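Participant: here you go, sequence then predicted model.
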Amino acid sequence: RVGYLYVLLGGEIYQTLADTLQGSYILRTSIALVILVAFFSFGAATVLFARLTRPLRKLASDADQVQQSELYPARFDNRRDDEMVRLRAAFDAMQTRIQEQMERLQETDNLRRELISNVSHDLRTPLASMQGYLETLLLKENRLDSEARKRYLLIAWKHTQRLTRLVTELFELSKLDAGRVVPHFEHFSLAELLQDVAQKFQLEAEQKQIVIGIEGSDGLYPVYADIALIERVLENLVTNALRYTPEGGRVNLNLVRSENEVLVNIADSGKGIASEDLPNIFERYYQGKNTSEHVKLQENTPDLINETRSGLGLAIVKRILELHGSKIEVISNPLSGTCFVFPLPAQAA
């Protein structure tokens with residue numbers, strides 16, 4: 001024999017290395033520990049993240065309830081938007097709503113201050129007059145004849161009526177401004193209601209020698225509105241017309257039917273309204289050039305009461321018609337009187 005031949009195969013080397021790795025206990029243990037630590041870290045991170053985000057998810061749930069309550073109309077999608085987007089939308093909506101409420105509170109406070117100022121002024125005049133005449137009756141009771149006592153009592157009674165009317169209008173207007181008046185719509189005949197209102201003022205008109213004429217009574221003129229509130233509108237307008245129409249004048253109540261509405265016209269033959277006052281006559285407590293009237297308590301009696309309008313009747317008319325989606329217009333001419341016009345829906349919308 002000359003020698004030996006050795007053949008080394010590469011696969012044997014790799015196999016030997018694999019056997020060595022698999023047989024290494026330390027390496028297997030290390031890999032197991034790494035995997036165990038990874039799973040533990042993932043679980044701990046999940047629990048910690050859940051605890052940290054629990055208040056955020058609670059706020060997001062509250063934001064969802066806010067959206068459903070429609071108090072703050074936040075615009076977001078619960079299915080697609082995340083918690084941060086929903087919270088941002090909710091807080092933006094809340095900020096907008098709070099700002100609106102603050103503005104309303106400021107406006108309400110301004111109206112309250114104005115109301116107190118005007119009411120104190122309007123109430124002070126008739127109260128002072130009543131007090132003066134009643135004190136005169138008490139002090140000069142034995143020296144006054146029956147005619148003088150009757151005249152003083154009539155003046156005090158007139159101021160009492162004025163106070164009653166003013167207080168009633170103040171409460172009515174405050175309810176309208178506060179949104180506590182909800183109209184109850186129904187179908188009714190406007191022609192019949194107009195006839196009832198005209199009959200209610202017929203005696204007063206006859207005493208003042210004023211003719212109340214009704215035109216357009218050839219039908220029922222059905223409308224869809226709140227009959228009590230519309231009656232209040234007609235009463236205020238007719239009262240205003242009678243107040244500024246002189247003796248021998250005329251007040252016309254007219255109805256005109258159109259396709260979808262009935263047009264109401266209330267015109268008088270009074271002294272009219274100055275052009276510079278027309279844009280403001282529906283504002284509360286506005287007093288223009290022609291805001292004082294002289295009411296004669298008794299025929300052939302020189303005692304007159306200088307009564308200043310409170311400026312609430314037309315303001316109430318405007319608020320009521322706004323609740324019906326209607327708008328009142330006024331046309332006035334110093335030579336031909338004043339005409340108030342407003343439409344009412346002839347059928348349900």
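Facilitator: Thanks, I have the structure now.
Participant: helices of the stretch 1-150 of the chain, residue ranges please.
Facilitator: Under the criterion DSSP state H, counting those that start in this stretch, the stretch 1-150 of the chain carries helices at the ranges 10-22, 25-69, 83-139, 146-177.
Participant: how about low-confidence regions in the protein?
Facilitator: Under the criterion pLDDT under 70, the flagged ranges of the chain are 1, 6-27, 63-83, 115, 118-119, 121-122, 216-218, 284-311, 347-349.
Participant: Three-state assignment for the residue nearest the centre of it, please.
Facilitator: Among the residues of the chain, the one closest to the centroid is Gly179, at 4.4 Å (Cα atoms, centre = their mean). Under DSSP: H, G, I helix; E, B strand; the rest coil, Gly179 falls in the coil class.
Participant: same question, the one 5 residues further on
Facilitator: When states are read from three-state DSSP, the local structure at His184 comes out as coil.
Participant: ok, how many other residues are close to it?
Facilitator: Residues near His184, counting by other Cβ atoms under 10 Å, number 9. In short, each C-beta sits where N, CA and C put it, glycine included.
Participant: so what's it closest to, chain neighbours aside?
Facilitator: Nearest non-adjacent residue to His184, counting by Cβ to Cβ, 6 or more residues apart in numbering: Asp226, 5.3 Å away.
Participant: residues in contact with that neighbour?
Facilitator: The contact partners of Asp226, taken as Cβ atoms under 8 Å, 6 or more residues apart in numbering, are 183-186, 323-324.
Participant: go again with 7 Å.
Facilitator: Taking Cβ atoms under 7 Å, 6 or more residues apart in numbering, we find Asp226 in contact with 183-185.
Participant: same check on Pro183?
Facilitator: Going by Cβ under 7 Å, 6+ apart, the list of residues near Pro183 reads 226, 229, 323-324.
Participant: can you check Glu247 too?
Facilitator: Counting by Cβ under 7 Å, 6+ apart, Glu247 touches 208-209.
Participant: and it, its phi and psi?
Facilitator: With angles defined as degrees, to the nearest 10, Glu247 shows backbone torsions of phi -60, psi 140.
Participant: ok, it to Gly270 distance?
Facilitator: Distance, Glu247 to Gly270, by Cβ to Cβ, to the nearest Å: 11 Å.
Participant: do Val238 as well
Facilitator: Relative to Gly270, and taking Cβ to Cβ, Val238 is found at 13 Å.
Participant: again with Gly337
Facilitator: 5 Å.
Participant: going along the chain, name the strands of the stretch 201-349 of the chain.
Facilitator: Along the stretch 201-349 of the chain, counting by DSSP state E, counting those that start in this stretch, strands occupy 211-215, 222-225, 250-257, 261-268, 292-296, 304-308, 329-333, 337-345.
Participant: nearest to Lys175, out of those strands?
Facilitator: strand 222-225 (18.1 Å; Cβ to Cβ).
Participant: what sits against Glu329?
Facilitator: Contacts for Glu329 (Cβ under 7 Å, 6+ apart) come out as Val341.
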